[in-house]
Every structure is written in C-alpha cells, then in structure tokens.
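Participant: this one's sequence-less:
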C-alpha cells in the first residue's frame, strides 16, 4: 500500500486516477501502457485494466510482475488479491500458445504448441476449435490447416488465449528498394530516421513479422512503413483510407527511395495499376456492385506475390478486409495508426490478425522533443437561442444531437475564432453538409466534402499548403491521411457523436511541427446544456489519455453590465 499514491484500484480492474495529485503524470504514463481510459472528469480519470490491454503490454515485454510492481507504486490502497490474480493470469496467457509450421508439411498444416498439456485438454473441448480442424497430435501439440491460421488465432483470442504466431512468413517477390541519396542511417545526402522511427523498425523486426506501430499524425508513420519496406526488400501492397492518401504515399515513395515511377501502382476508382509496390484504398477493396454482390477487388491480395502488406490507418479496417486478412496470415503485416481505438470494439481482431502493438510513443513525449507541435485545446460552449431551444426540447434523442450540432450560433463563433488568429492557416471541420455550406459562405472559404472531385481536392489542399488559401472548410473526408503541414488552427463545429477516434484524427491535422513557437490551437464548439456536451466528454477521452488538457470556456465572453 502507498498512502500517498495517485490511484485507487478496484478489484474489478477499474482504476481511479486523481487529477490534482502530484504523481498524476507518472501514473497516467504507466496506466497508458496497461489499461484503457474510460472517462476523463475534472477530478478523476477512470481506467479499466482489460485482458487485451494486458496482452498488448505483455507483447511489448511487460510481464505481469512488472505491471504489478508499477501499479503498487501508484496505488493508494494497494492491489487487491483478486486483481493481482487476474493480472498474472491474463498477462501470463500471452506466450502460453505458439503457432509453428507443421514439421511434416508446413505449407499445408500449422502446429499449435501449448506450454502445458492441460491447456490443450481444455481447448480440445471447444466446438469452435474443432470446427476449424484443430486435431491433437501430442500431449501439448495440435495441428490445423494452414489456411485457417487467421481464424484459429481469432477464435483463440475470443476464448481468452492470445497466440504468439511463429509459423513463419513467405519472403514474397524480391524488390530492390534503396533510400534516395544513401542509407537512412546517415549516408551522404540521405535523410536519417528519427530515433523513435528506428526503434519502431527494430521492434517490428523483433516481434517477428506482424505488428502495429502507434504514432500521432505528423510523427512520420509513413517513413516507418518505408523503412520496413526497405529492410524487407520485397514487393508490397499498401492499403490506406483515401485517394488523397494514395497520392501522398506515392509522393513519399518517389521522394525517399530510388523506386522508379513505373514500379509504383495506384489502385483507386480512377486508376487500377498493379505494380511491384501498389497503393490502394479500403473503399476499392470493399466496393461491390450490389449489396449482396462479391467484393470484386479483394483479389488484389493475391494479384502478386506480396512479401509485405501495410495497413495505413489500421483502426479503420473494414470487416471484409478483416476476413481477407485472416486468409493471408503467411504474409508479413504492418499496421500504422495514431490510435488503436475502434468505435466498433474490434481492437481484438486487430491484435489477432494484424499483430500486437509493437511500438507506441506518447504524444506529449514527441511534443517535448519538438517533433510535433504543442497544442492548446479549448472547448467553447455556444448558447442556443429560444427558438432552437424550443425545438430541441420536443425532439427525440438523435434529433436533439443534430440540432445541437448544427446550432447556427456556431457560425459566428467560428468567424470570431478565425478573426482571432490573423495570418494562421485555419481548418474548419464538421459533420453536416448544410452547416458546412453556411460556414463556407460566411467565411468566404472553399469547401471540401466527399462530393468534391479528387482533382479539385488536390488543388485546394495545395493552395492551402502553399499559403494561397488561409481558411479551408472540410467535412470528415479530411479526418484521415491528409498532409496539411502548415495548418495551425482547427475549429471543430460538429462530429460523429462520441467518436474518440475522430477527435484524435482531427487534432492530428495540426500536429506537424510549426516555425517559431511550434504551437497550434484546437477549438471544439459545443452547444451548452445539450446532449452534445455528453458526447464531447467522451470524444476527449483518447486525447486526455495522451496528456492533453482541455479548457472549457463560453464561446462569447459575458458582456459587462452597464448602468
């Protein structure tokens, strides 16, 4: 027991962290590695220690005893015997099961090796595993068809037993990939990997060939992907979230490596090239001509002998891509993301099918080193007028959220914020097209939505990056994989209910390093006394976990009373 500890740990794995405690920062850093943030109230943050959070910690090399030692340092009333037992149990389960290629026929069969025969005795009773063809071959070994490798790992994780996959990977078709100007470690004229990028590469290699790297927007996740490609020297399929991101990956490949333009293919709605390095969108892979029709472009996974598949923005992986990924477990896989949070709760499938988290660096650590901008986060409450308040009171829950989100008073609040940052590059981001059209008209700024032609998008993003446009109004199309290095102010006028994922991505739009004081500003406009405030509290969870503090202020300061 540590009577001065910053946390109270409950036996069900819930952790209450006191925000005003002197040990708050240390405790928050420790909890980020082994727990999930659930709530971020002003006085206390609430975390939950889960099996998945413990498996990821174990995959990163933090065993149960190390986790417990850290928790004892920060726990005011100690760690209950029940919680200690669960932490040892769940962290200890990582590594108890390992997959290998079957000695007799590794191409057709895989071997599941347990650390003890009793574990296989237990698993042998599971009908779902029997349906996957798992058959006992020894006291602590069983075999299954190699093509069911992914489904087997998914099912075992669902049963509470994560698998360390050591069944090996095919090399794929060789491809010469050379850094432009020399070695990334510092050859003549070459760029150098940042220390954390080199560490992410090292840990990905150490984990065996599949895993997820978590870094904030602007920290150079793309460079980590290129470094893995250069290290493996093989043909690669890169999947990302939009055609804009496809163009950015192509530009990075050409700028950073000696790959020729004809060696890089773009697989999008306007271009369907399959080359030694192919960059495609998730939308193309999941496109079908009818609701029940086949996914015609899923064949891309088998178009060439890929040695590596990179899943950019892996937290966006659609369900059909999960299914396809389950079938290609012999191909090395790298996931890149700013956040492992998925609003559909399928983080466990990312763990099973892409790989465990092999590297993560706290956003504030990168900020203190100057690799990303410091951000001042402010939530501004906007009043609703009497007419809107009347409609709000009689509306259903879903409509109440929409009415609060599109509150017309937000338009003038956004205009005041734009005026308060003269000379800054400002993004105004929202969810509802009618609201965004009104904002664009009021601000005299161009609007980019999902309906904006790709060529027009590129032109407007280019004008913004080169300073010809100071203000840009964007819909959710700008949430992901858009390179806007000079954006220093983001004004969020509406969002997708309580999406933590979206909040993290939107803040990411302004994180790239800035000249001068290296500072950016993130504003969220929220209608006061409304359901929108409840969802805003949830949206902030991920960023609060990363160390960002939100000020909450009225959108318009109260006017002084006159006599």
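Facilitator: All right, it came through fine. The model shown is predicted, which means the values in this text are computed figures rather than measured ones.
Participant: roughly how far apart are residue 462 and residue 448?
Facilitator: 12 Å (Cβ to Cβ, to the nearest Å). (Glycine included, C-beta is placed from N, CA and C.)
Participant: Doesn't residue 485 belong to a strand?
Facilitator: No. Going by DSSP: H, G, I helix; E, B strand; the rest coil, the assignment for residue 485 is coil, not a strand.
Participant: what pLDDT does the spatially closest residue to it that is not a sequence neighbour get?
Facilitator: In this structure, residue 485 finds its nearest non-sequential neighbour in residue 512, 4.3 Å apart by Cβ to Cβ, 6 or more residues apart in numbering. Note on residue 512: pLDDT of 86.
Participant: do residue 562 as well
Facilitator: As predicted, residue 562 sits at a pLDDT of 42.
Participant: With residue 186 instead?
Facilitator: pLDDT, residue 186: 49.
Participant: still on that earlier bit, between residue 462 and residue 448, point out the one with more neighbours.
Facilitator: Remark: of residue 462 and residue 448, residue 448 carries more neighbours, 22 against 11, as counted by other Cβ atoms under 10 Å.
Participant: nearest spatial neighbour of the more buried one, skipping sequence neighbours?
Facilitator: In space, and not counting its chain neighbours, residue 448 is closest to residue 474: 4.8 Å by Cβ to Cβ, 6+ apart.
Participant: Next, count neighbours for the one you found.
Facilitator: Residue 474: 28 neighbours (other Cβ under 10 Å).
Participant: thought it was touching residue 428?
Facilitator: Yes. Judged on Cβ atoms under 8 Å, residue 474 makes contact with residue 428 at a distance of 7.1 Å.
Participant: The residue nearest the centre of the chain: which element?
Facilitator: Centroid-nearest residue in the chain: residue 339, 2.7 Å away (criterion: Cα atoms, centre = their mean). Assigned by DSSP states H and E, residue 339 falls within no helix or strand.
Participant: State the phi and psi torsions of the residue nearest to it when sequence neighbours are not counted.
Facilitator: In space, and not counting its chain neighbours, residue 339 is closest to residue 504: 4.5 Å by Cβ to Cβ, 6+ apart. Note on residue 504: its backbone torsions stand at phi -60, psi -40 [degrees, to the nearest 10].
Participant: show me the residues around residue 504 that make contact.
Facilitator: 216, 338-339, 341, 542-543, 546 (Cβ atoms under 8 Å, 6 or more residues apart in numbering).
Participant: still on that earlier bit, what's opposite the residue nearest to residue 448 in the beta bridge?
Facilitator: residue 429, residue 448 (DSSP bridges).
Participant: Hmm, residue 309 and residue 170 touching each other?
Facilitator: No. In this structure, residue 170 is not within contact of residue 309 by Cβ under 8 Å, at 11.7 Å.
Participant: Tell me which of the two has more neighbours.
Facilitator: Counted by other Cβ under 10 Å, residue 170 and residue 309 do not tie: residue 309 has more neighbours, with 21 against 14.
Participant: so what's that one up against?
Facilitator: The contact partners of residue 309, taken as Cβ under 8 Å, 6+ apart, are 236-239, 301, 325, 328, 331-334.
Participant: Columns distance to residue 197 on top of those, output as a markdown table?
Facilitator: Output for the contacts of residue 309, formatted as a markdown table (distance: Cβ to Cβ, whole Å):
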| residue | distance to residue 197 |
| --- | --- |
| 236 | 18 |
| 237 | 21 |
| 238 | 17 |
| 239 | 21 |
| 301 | 27 |
| 325 | 25 |
| 328 | 26 |
| 331 | 23 |
| 332 | 18 |
| 333 | 19 |
| 334 | 13 |
